[in-house]
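Colleague: no sequence for this one, just the structure:
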């Protein structure tokens, strides 16, 4: 006769009962298993983190491609010209945002989510001295403080990308002729693939110049270029260009782009202009030179 019970095997032989206990893990074996699992986790977590970060970068570039469609459709329906605007003072009647936001809502639905880079998907909390705007940062979006005397557009006016103001269709007659010639106004220009339109940014738009100094510290916004100079994607940012292409940009590469028609792409912060790694702020020195 033979019988089996939980946790032991009982044999009946000629009136004798033999109990054989099943062998379990010893404490040492259990500690070894825990150590192996911990080692594997330590090896896999950085890989998983890198994959997650890369996925966000890919989604960010996907967002910018969608914006390329929006801007491209706008110019196609506006005789080839970009929005006519006056300044980056929020969603005013003449601001680029009203033109584009209104256009996207009427002609291209689903752009609510693409205003935010996945790496900077939440609006920050710091309000400027005037109490009107919230600057973004490396991992935060910018936004306007809601005000009762503003339109509903202000309440939804936020983002992780900033427009290059030099692409506006800006035609004020009182501006000095040399400065007025800087605006692109249309994507139908030579070298459009090197003209930035929309870039990861700490504010909604900026006038970048070749003489703009890089920030001495991260998220120190003094020059216009410093608003774009965010270490958001492993030493770089993503950008949409005037030919509606999208690519990743090294932070030092920002100074080599053709931001406006007279922009010197071999300026003082480029290798062609004689800049060496030692001249850059300490936090940028290890980044690739251009």
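Modeller: Received, thanks. These numbers were taken from a predicted model, which means no experiment stands behind them. Numbering: from 1, shown residues only.

Colleague: Could you list the single helix or strand in this protein with the lowest mean pLDDT?
Modeller: strand 2-5 (a mean of 46; mean pLDDT, DSSP states H and E).

Colleague: now the helices for the chain?
Modeller: 27-76, 96-107, 152-155, 177-180 (DSSP state H).

Colleague: For those, which has the smallest mean pLDDT value?
Modeller: Lowest mean pLDDT within those: helix 152-155, a mean of 53.

Colleague: If you count neighbours, what's buried in stretch 243-250?
Modeller: With burial defined by 16 or more other CB atoms under 10 Å, the residues of stretch 243-250 counted as buried are 244, 246, 248-250. To be clear about C-beta, it is placed using only N, CA and C from the backbone, and glycine gets the same treatment.

Colleague: Can you pick out the ones from those residues that are in strands?
Modeller: In this view, the buried residues of stretch 243-250 that belong to strands under DSSP state E are 246, 248-250.

Colleague: dump the residue contacts of the nearest residue to residue 199 once chain neighbours are set aside.
Modeller: Among residues not flanking residue 199 along the chain, residue 239 sits closest, at 4.2 Å (CB to CB, 6 or more residues apart in numbering). With contact taken as CB atoms under 8 Å, 6 or more residues apart in numbering, residue 239 is in contact with 64, 196-200, 246-249, 257.

Colleague: Next, work out how far apart residue 239 and residue 194 are.
Modeller: Residue 239 sits 10 Å away from residue 194 when distances are taken as CB to CB, to the nearest Å.

Colleague: what mean pLDDT would you report for stretch 227-241?
Modeller: Stretch 227-241 comes out at a mean pLDDT of 96.

Colleague: follow-up on the earlier one: for residue 159, state which of the ones in strands among the buried residues of stretch 243-250 is nearest.
Modeller: residue 246 (16.0 Å; CB to CB).

Colleague: is the closest one in a bridge, and if so with what?
Modeller: Beta bridges link residue 246 to residue 240, judged by DSSP bridges.

Colleague: Correct me if wrong: it contacts residue 68.
Modeller: Yes. Using CB atoms under 8 Å, residue 246 is in contact with residue 68, at 6.6 Å.

Colleague: and for those two, which residues touch both?
Modeller: Contacts common to residue 246 and residue 68, judged by CB under 8 Å, 6+ apart, are residue 240.

Colleague: what sits in contact with each of residue 239 and residue 194?
Modeller: residue 257.

Colleague: and residue 261, what pLDDT?
Modeller: Per-residue confidence at residue 261 stands at 94 (pLDDT).

Colleague: does it really touch residue 185, like I thought?
Modeller: No. Distance between residue 261 and residue 185: 9.6 Å, which falls outside the contact criterion (CB under 8 Å).

Colleague: So which of those two has more stuff around it?
Modeller: residue 185 (19 against 14; other CB atoms under 10 Å).

Colleague: residues touching the nearest residue to the more buried one once chain neighbours are set aside, list them.
Modeller: Nearest residue to residue 185, sequence neighbours excluded (CB to CB, 6+ apart): residue 169, at 4.4 Å. With contact taken as CB under 8 Å, 6+ apart, residue 169 is in contact with 81-85, 183, 185-186.

Colleague: Let me know how buried residue 203 is, in neighbour terms.
Modeller: 18.

Colleague: meant to ask about residue 215, not that
Modeller: 20.

Colleague: do residue 184 as well
Modeller: 23.

Colleague: Against residue 139, how distant is the nearest residue to it once chain neighbours are set aside?
Modeller: Leaving aside its chain neighbours, residue 184 sits nearest to residue 167 (4.8 Å; criterion: CB to CB, 6+ apart). To residue 139, residue 167 is 26 Å away according to CB to CB.
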